[in-house]
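Enquirer: can you look at this prediction? I've put the sequence above it.
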Amino acid sequence: MNKTSSHPPHKIIGVAVIWNEIGEILIDRRLPQGVMGGLWEFPGGKIEDGETIQECIKREIHEELGIDIEVGNHLVTIDHTYTHLRVTLTVHHCRHLTGIPQPLECAEVRWVSVNELAKFTFPEANIQIIEALQKKISNFSIGI
């Protein structure tokens, strides 16, 4: 049976705000092909069956960037609907532990300060992450 729905598919995404020892955040640039290609984002990916959000974030970061992280406190959860997709982004502060970030599944990676985030073009849903970070930075408690 083929059922047509007017609702876009829904993905639950674990997202990492990865901090280094000097207070910078790791962002990556999406590959140029596909929807939202070439935009910058906070790394992460789709949760798999039976996985916690923390396990998802840790796995995705290792697969996409080749580094190990410690998943810390929850920052924000964002529910956003694009024309083609609904996403629920569950965002956690994370601490970089080991490895040099590699663009394994993205075009480029870069360490930036919270103040520099405005210089990069992000997908619309990520703007709320930046706003949450800007609010938190005033009392700079990353909670790890």
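Expert: Arrived safely.
Enquirer: would you map the helices across the protein?
Expert: Along the chain, counting by DSSP state H, helices occupy 53-65, 127-137.
Enquirer: pretty sure residue 118 is touching residue 133, no?
Expert: No: using Cβ atoms under 8 Å, residue 118 is not in contact with residue 133, being 11.0 Å away. C-beta: built from backbone N, CA, C; applies to glycine.
Enquirer: if you count surrounding residues, which of those two has more?
Expert: Using other Cβ atoms under 10 Å, the more surrounded residue of residue 118 and residue 133 is residue 133, with 19 against 10.
Enquirer: show me the contacts for the more buried one.
Expert: Residue 133 makes contacts with 17, 25, 75, 114, 117, as judged by Cβ atoms under 8 Å, 6 or more residues apart in numbering.
Enquirer: could you rerun that using 6 Å?
Expert: Shown in contact with residue 133 (Cβ atoms under 6 Å, 6 or more residues apart in numbering): residue 114.
Enquirer: pLDDT at it, what is it?
Expert: Residue 133 is assigned 93 on the pLDDT scale.
Enquirer: same question for residue 3.
Expert: Listed pLDDT for residue 3 reads 51.
Enquirer: how about residue 77?
Expert: Predicted confidence (pLDDT) for residue 77: 97.
Enquirer: what residues are up against it?
Expert: residue 90.
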